[in-house]
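Chemist: the sequence and its predicted three-dimensional model are supplied below.
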Amino acid sequence: HGVDTRFFTPPKDRWRRNTKNILYVGNFRHYPNVDAVKNFIKHCWGKILSEAPDAKFYAIGFSPPPELIKLRSENVIVQEGGDNENLRRFYWNCDVFVAPIELGTGFRGKMLEAMACGLPVVATSLATFGISPTHGRDMFVTDDYDEFVKYVVMLLKDARLRKKIGKNASALARKFDHKYAAKKLE
């Protein structure tokens, strides 16, 4: 697996915005992605809203099922992702990427896309499989949802921290560029 770091790049104005947009991207026909959104809403969302009432959570992906659609509210947006161009706009317009994954195996390509776009990430240890980030430098990694909330809120409130972690995440994502994956295959 890899990521096209020529296409998935940080937007020029990422650090000038004053939004509190949180993003999760996944193919919702794959149940671990549905479970991740449900985990986030159940364990994190209320606590995050109490600290950042203007936060918005975007759950974007292919074929969201009714159990996710019913979670929609003023602050929770669940919708189809569309093509890569449309997904890139979500990466560009959000401030934090979350990956509260507890089920499944495999590699998280969407997380690499978010990282390549300079989004700071808060993830469970299972979500980071194959990426091997350094906690606190490349992203925040925890399996404790109270800590997960703490890291998301820290990133939403601290633009300097978002910038630092986002830049480090982008640098790590570049190590997974398609050209390196192709070399390994060759």
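Modeler: Structure's in. What do you need?
Chemist: use CA for all of it now, contacts and neighbours both
Modeler: Will do.
Chemist: so V78: helix, strand or coil?
Modeler: Secondary structure, DSSP: H, G, I helix; E, B strand; the rest coil: V78 is strand.
Chemist: any idea what it is bridged to?
Modeler: A59 (DSSP bridges).
Chemist: for it, give its distance to N18.
Modeler: 22 Å (CA to CA, to the nearest Å).
Chemist: what of V3?
Modeler: In terms of CA to CA, V3 sits 28 Å off from N18.
Chemist: what sits against the residue nearest the centre of the chain?
Modeler: By CA atoms, centre = their mean, the chain has its centre lying nearest to F97, at 2.4 Å. When contacts are counted by CA atoms under 8 Å, 6 or more residues apart in numbering, F97 touches I22, L23, Y24, M111, A114, L119, P120, V121, V122.
Chemist: surely it is in a helix?
Modeler: No. Assessed with three-state DSSP, F97 is strand; it does not lie in a helix.
Chemist: can you check the pLDDT for it?
Modeler: pLDDT, F97: 97.
Chemist: repeat that for V78.
Modeler: Here the pLDDT value assigned to V78 is 96.
Chemist: and V3 and N18? Which one has more around it.
Modeler: Between V3 and N18, counted using other CA atoms under 10 Å, the more crowded position is V3 (24 against 11).
Chemist: quick one: contacts for the nearest residue to that one once chain neighbours are set aside?
Modeler: Closest residue in space to V3, ignoring its immediate chain neighbours: D177 at 4.8 Å, by CA to CA, 6 or more residues apart in numbering. When contacts are counted by CA under 8 Å, 6+ apart, D177 touches G2, V3, D4, T5.
Chemist: three-state assignment of L23?
Modeler: strand.
Chemist: so what's it bridging to?
Modeler: Y58, F97.
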